[in-house]
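1. need a 3D model of the following:
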Amino acid sequence: MRHTVEFLMTTMRKLLWTSVFSILNNDNPHSNHDKYTRTYDLRIYTLSPDKGPESIFKDNKVIVGMVDRDGNFHVCVDRGVHGVVMYPVTFDDKDGYWCLNLWYSSMLIGDNIEIATNREELMCKSQDFFMFLHPAQSSKLSVGTIICRSWRVRIKSGEIRLLQPHQFFFSQL
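-> The predicted structure follows:
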């Protein structure tokens, strides 16, 4: 029942009717100008020296990263005295697909790294945080969708924006 379009429409209708969007938007980084590094839930991964960043897919069901000021995605790895290494994240949209109004595609971790000396510098470079979620039915660990802390999602064109219901949902209301 919870994996049907009707359930999603009912849930979205209840969400709008109860007017909780202002409560959900309370900690939206795009509506709040004060930023404190200790309050953000950005995960900085720790990898052993023999593992590369692609092992993050194997070791984690949900991958968390940051969106920098230019809108680029990064996964952060702690490298001790070398600081926090930001690995760029790109997406291969040629085999992507829509599912329940979310765009699913393959995530790739690149090699062109940037380095932040500490967490405070990392927070200065970021504008938002994302979660990379895998679909339940997929066996590929690198396929998933992006949902940001600001409630924005990644769409087929590569940009991130607030979720806009497909016109099919409006015709069912």
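
2. same question for the longest helix seen in the chain: list its buried residues.
-> Using DSSP state H to define each element, the chain has its longest helix at helix 5-17. Neighbour-count burial for helix 5-17 flags residue 9 (criterion: 16 or more other Cβ atoms under 10 Å). Backbone N, C-alpha and C define where each C-beta goes, glycine included.

3. repeat that for stretch 149-161.
-> In stretch 149-161, counting by 16+ other Cβ under 10 Å, buried: 149, 150, 152, 153, 154, 155, 160.

4. do the same with stretch 74-92
-> 74, 75, 76, 77, 83, 84, 85, 86, 87, 88, 89, 91.

5. can you list contacts of it?
-> 42-47, 53, 56, 63, 65-68, 72-73, 105-119, 121-122, 125, 132, 154, 158 (Cβ atoms under 8 Å, 6 or more residues apart in numbering).

6. what about it, distance to the chain center?
-> 15 Å (Cα atoms, centre = their mean, to the nearest Å).

7. start to end distance for it?
-> With Cα to Cα, to the nearest Å as the measure, the first residue of stretch 74-92 is 15 Å from its last.

8. for the protein, which residue occupies the most central location?
-> By Cα atoms, centre = their mean, the chain has its centre lying nearest to residue 130, at 2.5 Å.

9. tell me the pLDDT at it?
-> Note for residue 130: predicted pLDDT of 90.

10. isn't it up against residue 65?
-> Yes. Taking contacts as Cβ atoms under 8 Å, residue 130 lies within contact range of residue 65: 5.5 Å.

11. tell me, what's touching those two both at once?
-> In contact with both residue 130 and residue 65: residue 73, using Cβ under 8 Å, 6+ apart.

12. could you give the bridge partners of residue 129?
-> residue 66 (DSSP bridges).

13. thought residue 151 was touching it, still the case?
-> No. Using Cβ under 8 Å, residue 129 is not in contact with residue 151; the gap is 11.6 Å.

14. which residues in the chain form helices?
-> 5-17, 21-24, 55-59, 119-125, 167-172.

15. which parts of the third one count as buried, going by neighbours?
-> Okay, so that is helix 55-59. Buried-residue list, helix 55-59, by 16+ other Cβ under 10 Å: 56, 57.

16. what's the offset of it from the middle of its chain?
-> Counting by Cα atoms, centre = their mean, helix 55-59 comes out at 16 Å from the chain centroid.

17. next: the longest one.
-> For helix 5-17, the distance from its own C-alpha centre to the chain's C-alpha centre is 22 Å (Cα atoms, centre = their mean).

18. I'd like the mean pLDDT over it, please.
-> 78.

19. helices or strands up against it?
-> Packing partners of helix 5-17 (3 or more Cβ pairs under 8 Å, 6 or more residues apart in numbering; DSSP states H and E): helix 167-172.
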